[in-house]
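Student: Predicted coordinates and the sequence they were generated for:
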Amino acid sequence: MTDLIKLIDFNAWANTRIAERVQELPQELFVQHTGGSFPSIKATMRHLLEADWRWLHRWKGHAKVAIPDHWQTEDAISLIQLWLPVQQEMKSAILEWPSLGLEQVAIITQNNLSLNMSLADSVFHTVNHGSYHRGQLINMLRMLGQEAVQTDYLIYCMENS
């Protein structure tokens, strides 16, 4: 369990570093299309917010998770104000997992596919997914002529040793 908490803590640390960098961007760069899996920094960060929201609630025992339709994500600060608290809740959810008495994380995808996976596998997936998209965000920052930020696990370990 300690390793899972450390991985989620790393994920939150890395997401916070990206968020701190992105909130400094002018709006036109936040929404500028750069190509990739998602066309902009805004779209990529929105995707990460939605994915983290879904995993958070799956870890709380809700297999099918809807995205709130009242979210304001038109600018970086609004999106980040939603996303960063989810990071802290994710850690709390992992800490509370044993008291839920759940054996597996139940998942119903957006395409209504049902599956179960271990908590460890779901955490590994979440962190890997976040790392993949953070890499895209760093590349987008560079493409836009902006300074990137380091989110490597090694840097996290050095800062948190």
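Tutor: Thanks, I have it.
Student: Contacts only, for Phe124.
Tutor: The contact partners of Phe124, taken as Cβ atoms under 8 Å, 6 or more residues apart in numbering, are Leu7. The way it works is simple: take the backbone N, C-alpha and C, and place the C-beta from them, glycine included.
Student: so where does it fall, helix or strand?
Tutor: helix 119-143 (DSSP states H and E).
Student: after that helix, next one along is what?
Tutor: Per DSSP H and E, helix 119-143 leads on to helix 153-159 as the next helix or strand towards the C-terminus.
Student: pLDDT averaged over whatever helix or strand His47 lives in - what is it?
Tutor: Using DSSP H and E, His47 falls within helix 41-59. For helix 41-59, the mean pLDDT works out to 97.
Student: repeat for stretch 83-96
Tutor: In this model, stretch 83-96 has an average pLDDT of 95.
Student: How about the backbone phi and psi for the residue nearest to Gln104 when sequence neighbours are not counted?
Tutor: Of all residues not flanking Gln104 in the chain, Asn116 sits nearest, at 3.9 Å (Cβ to Cβ, 6 or more residues apart in numbering). Main-chain dihedrals, Asn116, degrees, to the nearest 10: phi -130, psi 150.
Student: Asn116 and His70, how far apart?
Tutor: 30 Å (Cβ to Cβ, to the nearest Å).
Student: cool, Phe38 as well?
Tutor: Using Cβ to Cβ, Phe38 is found at 22 Å from His70.
Student: between these two, who's got more neighbours?
Tutor: Taking neighbours as other Cβ atoms under 10 Å, Phe38 and His70 compare with Phe38 leading, 19 against 5.
Student: who touches Gln88 in this structure?
Tutor: Neighbouring residues of Gln88 by Cβ under 8 Å, 6+ apart: Ala12.
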